[in-house]
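Visitor: need a 3D model of the following:
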Amino acid sequence: MGTAEISEDEHPVGPGDFLAFPAAGDAHHLRNTGSEDLVYLMGGEKWATDIVHYPDIKRSMLKSGGRRVWADWADMQELPPRP
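Guide: The predicted structure follows:
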């Protein structure tokens, strides 16, 4: 058994359950809450450039050009509009 944490909600998951998450959707992750290994099949697209947001730790990760870098939300600054 496992628990899917989606935004601030928790949902129990088990054999036969299906979860789907749209791009730019709510933050989510899956954790094992049982006593045995949690085995699941995951699919999706793998882009060369990706941005992932982690609201619990207030950070974002940018993956591009074979590198991954973190940005703390407190350090981010708003850019002025383009002329």
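
Visitor: partner strands of the helix or strand of the chain with the lowest mean pLDDT, parallel or antiparallel?
Guide: Scoring the helices and strands of the chain by mean pLDDT, DSSP states H and E places strand 50-54 at the bottom, with a mean of 88. With DSSP bridges as the test, strand 50-54 is paired with strand 59-64 (antiparallel).

Visitor: report the buried residues of the partner strand.
Guide: 59, 60 (16 or more other Cβ atoms under 10 Å). (Each C-beta comes from the backbone N, C-alpha and C, glycine too.)

Visitor: centre of the chain versus stretch 69-77, how much separation?
Guide: 17 Å (Cα atoms, centre = their mean, to the nearest Å).

Visitor: actually stretch 10-25, not the one I typed
Guide: That offset, for stretch 10-25, works out to 12 Å (Cα atoms, centre = their mean).
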